[in-house]
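[1] here you go, sequence then predicted model.
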Amino acid sequence: MAHGRSTSMESRDVVFCILITAFLYSGFGETLSKLLPQPEFLAPLENHTVIQGRDVSFTCVVNHLQSYKVVWIKSDSRAILAIHTHMIAHNPRLFVTHNGHNTWKLHVTNVQRSDSGTYMCQVNTDPMKSQMGYMTVVIPPDIMDLDEDSVDDMNTKEGGDVVLKCITTGIPEPDVTWRREDGRDIVLREEHSSTKRVKIFEGEELQLVGVLRQEMGSYLCIASNGVPPSVSKRYFVHVRFEPLVRVASQLVAAPGNSDVILQCYVESSPQALNTWYKNNGIKLLPDNKYRMSETPVNIYSYQLNLTIRNLELSDFGSYTCSSENAYGKAEGTIRLQELHLTKSSVATTRSMEIPDKTRKKTVSPEKKKKYSYSSNLDFGKDRKDYTTPMSWENLAKGLRSTNDSSALSKFSSGSNAPRAPESAHLAPTQQDIPKNEGRVLYAYRHLILNCVILMLQLFVQGHSIY
């Protein structure tokens, strides 16, 4: 009886001790947890801008975690990704690492556009503590159908319209610009025939109005959004028109036995069939006589050369440059004629002899006037270079050489007559006949003059005797 009483007392004591212990422990634990340092974040969660396809990680550093847990949450979708290192989300591209101390990392591999959003590192305290970081996934620009066809061909007749469209994707939204591959201006024609030329045009759609042949070529659509690399696509604008033919010279002259090149300039799109013809439509083919060549000038024009070797008489004539495509035909004609080379004539010098006491002078016809003499003697009073009177003999000699009646008047008046130049012994010529007197009158005067001279000679001879 006493033994049973002691056993029940011991049982009551055990239960009491347990209750006391539980009570004390619960109060102590609560007090202890309040006394220990609380969890805290040592660094903010970073923000990331990452290119699609690359890897990124968020780092969460927590001190004094105690028995609390670190939880990763994608807050915009409220999806729990991981608790501590245990993955909750079924995404093979996500995993968490812990360095065994206070650092947890959430890794995202091969980032996709859907990974953009807000990520939270949370500690399950009461109240909960958390910090957030944002991930922006950027995507390089892309042009739709770029891989299928890197060059789009656009066709229009000259004067027609063309619309070039460049549809792009990317994050952020790409900026689209246009430029010509050859660096020339883009021609923008608007209403009322206004025209504007620009090096760069912005926008996904480029409208070309009234396109001319000079605007044919490659146009580049360039998309960029700050995320490398930028991309571009080439659009080739074909402008179709009938051929235009121009010849360098309509008339070409060349000597025989030489080579000559006839030139012809052709514009056409699409490229034309070019042919040379001679005279009445004889088609020329390359051989030892003829050589043809075509040299591109630009994307729609060509320089055509026809070389004709060793020219013969039969080679001279008309040559036609013909150009034909699906839109029309054009021709240009060149006339080839023979060039006759002549020997240059040599100018000869004619000589004339002038009587002189010592030598003969040879002069050219151009200087003939300098050596011409007049048969008229000047006995004017203003001649001061003669200081002595003329003798009778010299006067007779002077009268023989002139038909000037003024000499007789000077002699008869008794004036001091000057000495006549001895070299002026020229016979009267037709030029010495006055214009207003006839031949009969001239002969009469000449007869009288001769008589006077004869009388003077007789007088001089008689005077010398005495």
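    Now that the structure is in, tell me what you want to look at.

[2] correct me, but residue 83 touches residue 71?
    Yes. Counting by C-beta atoms under 8 Å, residue 83 touches residue 71, with 5.2 Å between them. (C-beta placed from N, C-alpha, C; glycine too.)

[3] the helices in the chain, which residues?
    For the chain, helices defined by DSSP state H occupy the ranges 2-35, 392-400, 406-412, 439-465.

[4] out of the ones you listed, point me to the one whose mean pLDDT is lowest.
    Mean pLDDT per stretch puts helix 406-412 lowest among the helices of the chain, at a mean of 41.

[5] domains in this structure, as residue ranges please.
    What automatic domain parsing lists as the domains of the chain is 40-139, 144-241, 248-338, 376-465.

[6] JSON lines please, covering those domains and showing mean neighbour count.
    Shown next, in JSON lines, are those (neighbours: other C-beta atoms under 10 Å):
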{"stretch": "domain 40-139", "mean neighbour count": "15"}
{"stretch": "domain 144-241", "mean neighbour count": "15"}
{"stretch": "domain 248-338", "mean neighbour count": "15"}
{"stretch": "domain 376-465", "mean neighbour count": "13"}
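
[7] which of those domains has the lowest mean pLDDT?
    Note on those: domain 376-465 shows the lowest mean pLDDT, a mean of 51.

[8] partner residues bridging the closest residue to residue 252 other than its chain neighbours?
    Sequence neighbours aside, residue 336 is the residue nearest to residue 252 in space, at 5.2 Å (criterion: C-beta to C-beta, 6 or more residues apart in numbering). Under the criterion DSSP bridges, residue 336 forms beta bridges with residue 252, residue 317.

[9] give me the distance between residue 336 and residue 114.
    Using C-beta to C-beta, to the nearest Å, one obtains 78 Å as the distance from residue 336 to residue 114.

[10] check residue 318 too.
    From residue 318 to residue 114 the distance is 77 Å (C-beta to C-beta).

[11] also residue 238?
    Using C-beta to C-beta, residue 238 is found at 43 Å from residue 114.

[12] contact partners for the residue nearest to residue 252?
    252, 253, 254, 260, 262, 308, 315, 316, 317, 318, 319 (C-beta atoms under 8 Å, 6 or more residues apart in numbering).

[13] what do you get if the cut-off is 7 Å, keeping everything else the same?
    Residue 336 makes contact with 252, 254, 260, 262, 315, 316, 317, 319, according to C-beta atoms under 7 Å, 6 or more residues apart in numbering.

[14] residue 327 now?
    So residue 327 contacts 240, 241, 242 (C-beta under 7 Å, 6+ apart).

[15] can you check residue 166 too?
    Neighbouring residues of residue 166 by C-beta under 7 Å, 6+ apart: 143, 176, 204, 221, 233.

[16] can you give me the distance of it to residue 216?
    19 Å.

[17] with residue 176 instead?
    Distance from residue 176 to residue 216, by C-beta to C-beta: 22 Å.

[18] who's residue 48 bridged to?
    For residue 48, the beta-bridge partners under DSSP bridges are residue 135.

[19] thought it was touching residue 135?
    Yes. Residue 48 is within contact range of residue 135, at 4.6 Å (criterion: C-beta atoms under 7 Å).

[20] need the residues touching each of these two.
    Counting by C-beta under 7 Å, 6+ apart, the residues touching both residue 48 and residue 135 are residue 56.

[21] so which elements touch the longest strand belonging to the chain?
    Longest strand in the chain, counting residues (DSSP state E): strand 231-247. Secondary-structure packing of strand 231-247 (3 or more C-beta pairs under 7 Å, 6 or more residues apart in numbering; DSSP states H and E): strand 129-143, strand 151-157, strand 217-224, strand 260-269, strand 317-325, strand 328-338.

[22] what pairs with that strand, parallel or antiparallel?
    Sheet pairing for strand 231-247, using DSSP bridges, gives strand 151-157 (parallel), strand 217-224 (antiparallel), strand 260-269 (antiparallel).

[23] want to throw those into a markdown table with distance to residue 292?
    As requested, the strands paired with strand 231-247 are exported to a markdown table (distance: least, C-beta to C-beta, whole Å):
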| stretch | distance to residue 292 |
| --- | --- |
| strand 151-157 | 29 |
| strand 217-224 | 27 |
| strand 260-269 | 10 |
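
[24] do I have it right that residue 95 meets residue 87?
    Yes. Counting by C-beta under 7 Å, residue 87 is a contact partner of residue 95 at 6.5 Å.

[25] look up how far residue 129 lies from residue 38.
    The gap separating residue 38 from residue 129 is 8 Å, by C-beta to C-beta.

[26] do the same with residue 188
    According to C-beta to C-beta, residue 188 stands 61 Å off from residue 129.

[27] show me what contacts residue 87?
    Contact partners of residue 87, counting by C-beta under 7 Å, 6+ apart, are 94, 95, 96.

[28] excluding its backbone neighbours, what's nearest residue 218?
    residue 181 (3.8 Å).

[29] could you do residue 202 as well?
    residue 177 (5.3 Å).
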